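Asks: Quick one, fold the following:
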Amino acid sequence: MKVYLTLLVIAALVTYAATPAMRHLAIKVGAVTAVRSRDVHRKPTARLGGIAIFLGLAAGVSIAANIPFLAPVFEASGSAWGVIAGAAMVCALGMADDIWDLDWMAKLAGQILAALVMAWSGVQLVTVPIAGLTIGSSYLSLAATVIVVVVAMNAVNFVDGLDGLAAGLIAIGGAAFFTYTYVLAREASPGDYSSLASLILAVLVGACLGFLPHNLHPARIFMGDSGSMVLGLTIAGASIIVTGQIDPSAVSQRVSVPAFIPIVLPLMVVAIPLLDMTLAVIRRTLKGQSPFMPDAHHLHHVLLRAGHSHRWAVSVLYLWTGLLSFGTVSLVFLPLEVSLVLVGGGLIIVLFFTFSPAWRRRFTGYYRAAGRSAKPLQRLTPEGHARDEDDVLPASAPGTGHPAPRSTE
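Replies: Numbers count the residues shown, from 1 in each chain. Modelled structure (predicted):
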């Protein structure tokens with residue numbers, strides 16, 4: 001564990017130190033997000049923070065290659081470098097998009113190429129750990145790998161709409177995923193529990209934590225596509241590695257691991273991004289628009305319109321990711337009954353925070369009915385400033401309507 005924590009800290013420090021330099025570079029080359037009608041930030045903000053995230057990942061893996069404990073990971077295959085190579089490709093692709101605003105077809109082609117490079121290095125989905133299902137065809141295996149990686153990249157990209165959201169979600173979900181892979185590796189092979197998946201997840205969490213101080217609201221820099229695609233590809237690579245290299249049936253009876261965990265846990269880690277992307281694709285397709293057409297109806301926009309502040313909207317999505325990912329991991333460590341009780345209690349807490357603005361409005365109404373005063377809720381004005389709930393006219397009033405919060409997508 002000390003080795004992984006050390007690598008996590010190294011990735012965090014490299015990312016933290018490199019981010020200010022990337023901010024200056026972004027301003028110099030014009031990679032700056034202007035304030036558009038769908039955005040929630042109030043002033044132009046530099047992008048290219050994803051380059052710093054990639055540098056943290058690369059530094060962590062490079063140092064890991066020289067640690068004897070992790071030597072078997074690098075001797076077995078070149079998968080670790082395959083993940084870094086794929087991340088480098090999508091980082092360069094995202095940097096080009098942040099500067100020149102590439103066409104979505106060019107971005108998709110680049111994503112597919114990066115996924116293929118990672119697959120050729122050995123990070124390939126060949127088994128599904130449910131009922132021992134094996135993908136028999138090498139072509140189907142390659143296609144499945146590309147689909148998983150491309151979907152993950154775009155899911156993280158879609159959800160990257162509020163300060164600190166994408167990096168925080170991946171850090172929380174990645175920490176839960178790391179806990180699972182580390183314990184499973186120790187139980188499956190007590191003599192040598194070095195794990196490529198644990199290594200990738202440790203440096204990924206570290207890079208996210210190093211970037212967050214610069215990206216929390218109000219953000220001084222955005223990760224841009226260069227960051228969201230790197231995060232998506234890396235978490236997808238770790239998920240594929242787990243399904244192919246760790247067999248839950250090999251774990252001792254002391255820790256009973258359900259066979260579906262290697263599939264369900266990665267889905268829970270990116271459940272919020274996947275849900276947001278799925279809803280966006282359905283919503284835009286029904287309107288006859290391109291699935292890649294930006295709009296102001298993502299999950300974080302819904303939370304803002306419900307009355308959450310910027311930071312509370314992000315916190316609510318953090319809580320959901322923590323509940324889903326750590327709740328799934330609890331099935332590995334705890335009896336089913338205990339796990340369900342804890343998840344149920346967590347669900348009540350998360351629901352309370354999710355719907356707290358509605359309950360606060362009801363609470364405010366009770367106070368007003370009793371002739372008392374209460375602090376009104378606040379919403380966003382078209383200019384991006386907060387205003388009191390009392391000043392917001394009903395949506396049905398002529399010439400009015402709740403202003404759509406603005407996204408950084």
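
Asks: Next, the buried residues of the host helix or strand of Leu274.
Replies: Leu274 belongs to helix 271-286 when assigned by DSSP states H and E. Of the residues in helix 271-286, Ala271, Ile272, Pro273, Leu274, Asp276, Met277, Ala280, Arg284 count as buried by neighbour count, 16 or more other Cβ atoms under 10 Å. For every residue, glycine as well, the C-beta is placed using N, CA and C.

Asks: gap between Gly94 and Ala21?
Replies: Distance of Gly94 to Ala21, computed by Cβ to Cβ, to the nearest Å: 17 Å.

Asks: Between the two, which is the more surrounded one?
Replies: Gly94 (29 against 13; other Cβ atoms under 10 Å).

Asks: Next, the distance between the ends of stretch 55-72.
Replies: From its first residue to its last, stretch 55-72 covers 24 Å (Cα to Cα, to the nearest Å).

Asks: Now do that stretch: everything it contacts.
Replies: 3, 7-8, 10-15, 18, 73-74, 80-81, 83-84, 87-88, 192, 194, 199-200, 202-204, 206-207, 210-211, 230, 234 (Cβ atoms under 8 Å, 6 or more residues apart in numbering).

Asks: Filter the residues you listed down to just the ones in helices.
Replies: Among those, the residues falling in helices (DSSP state H) are 3, 7-8, 10-15, 18, 73-74, 80-81, 83-84, 87-88, 199-200, 202-204, 206-207, 210-211, 230, 234.

Asks: my guess is Ile170 meets Asn157, correct?
Replies: No - here Ile170 lies out of contact with Asn157, judged by Cβ atoms under 8 Å, at a distance of 11.9 Å.

Asks: Neighbour count for the two, which is higher?
Replies: Ile170 (30 against 26).

Asks: and the more buried one, what does it touch?
Replies: Contacts of Ile170 (Cβ under 8 Å, 6+ apart): Val156, Leu204, Val205, Cys208, Leu231, Ile235, Val269.

Asks: so where do the helices sit in the stretch 101-250 of the chain?
Replies: In the stretch 101-250 of the chain, the helices defined using DSSP state H, counting those that start in this stretch lie at 104-120, 138-159, 165-188, 196-215, 224-245.

Asks: Out of these, the one nearest Ala46 is which?
Replies: helix 224-245 (8.8 Å; Cβ to Cβ).

Asks: which is the next helix or strand following that closest one?
Replies: helix 261-269.

Asks: List of residues touching that following helix?
Replies: With Cβ under 8 Å, 6+ apart, helix 261-269 has contacts from 128-130, 170, 173-174, 176-177, 180, 235-236, 238-239, 242-243, 246, 248, 274, 321, 324-325, 327-329, 331-332.

Asks: Quick check, pLDDT for the residue most central in space within the chain.
Replies: The centroid of the chain falls nearest to Ile170 when counting by Cα atoms, centre = their mean (3.6 Å). Here the pLDDT value assigned to Ile170 is 95.

Asks: Could you list the domains of this protein?
Replies: According to automatic domain parsing, the chain comprises the domains 2-295, 356-385.

Asks: could these go into TSV alongside distance to Val350?
Replies: Converted to TSV, the domains of the chain look like this (distance: least, Cβ to Cβ, whole Å):
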stretch	distance to Val350
domain 2-295	12
domain 356-385	11
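
Asks: Backbone torsions only: list them for Thr45.
Replies: phi -130, psi 140 (degrees, to the nearest 10).

Asks: Contacts only, for Phe326.
Replies: Residues in contact with Phe326 (Cβ under 8 Å, 6+ apart) are Ala176, Thr179.

Asks: which SSE is it in?
Replies: helix 310-333.

Asks: just the angle between that helix and helix 271-286, please?
Replies: Angle, helix 310-333 to helix 271-286, by axes from the mean of the first three to the mean of the last three Cα atoms, to 10 degrees: 120 degrees.

Asks: for the following helix or strand past helix 310-333, which positions count as buried?
Replies: The helix or strand immediately downstream of helix 310-333 is helix 336-354, counting by DSSP H and E. Residues of helix 336-354 classed as buried: Ser339, Val343, Gly346, Val350, Thr354 (neighbour count, 16+ other Cβ under 10 Å).

Asks: ok, the third one - contacts?
Replies: Contacts were defined as Cβ under 8 Å, 6+ apart; by that measure Gly346 touches Leu323, Gly327.

Asks: circling back to that earlier point, write the PyMOL selection for whichever of the contacts of stretch 55-72 are buried.
Replies: In PyMOL syntax, the buried subset of the contacts of stretch 55-72 is picked out as below (16+ other Cβ under 10 Å):
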select buried, resi 3+7+8+10+11+12+13+14+15+18+73+74+80+81+83+84+87+88+194+199+200+202+203+204+206+207+210+211+230+234
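
Asks: Kindly provide the distance from the residue lying closest to Val73 once chain neighbours are set aside to Ile240.
Replies: Nearest residue to Val73, sequence neighbours excluded (Cβ to Cβ, 6 or more residues apart in numbering): Leu196, at 4.7 Å. Distance, Leu196 to Ile240, by Cβ to Cβ: 11 Å.

Asks: Ok, Val9 next?
Replies: Going from Val9 to Ile240 by Cβ to Cβ gives 26 Å.

Asks: So between those two, which is more surrounded?
Replies: Using other Cβ under 10 Å as the criterion, Val9 and Ile240 rank with Ile240 on top: 26 against 15.

Asks: Name the residues that touch stretch 17-30?
Replies: Residues contacting stretch 17-30 (Cβ under 8 Å, 6+ apart): 31-32, 46-49, 51-52, 55-56, 98-99, 210-211, 214, 220-221.

Asks: Give me the subset of the residues you listed that lies in helices.
Replies: Using DSSP H, Gly49, Ile51, Ala52, Leu55, Gly56, Asp98, Ile99, Gly210, Phe211, His214 are the members of the contacts of stretch 17-30 that sit in helices.
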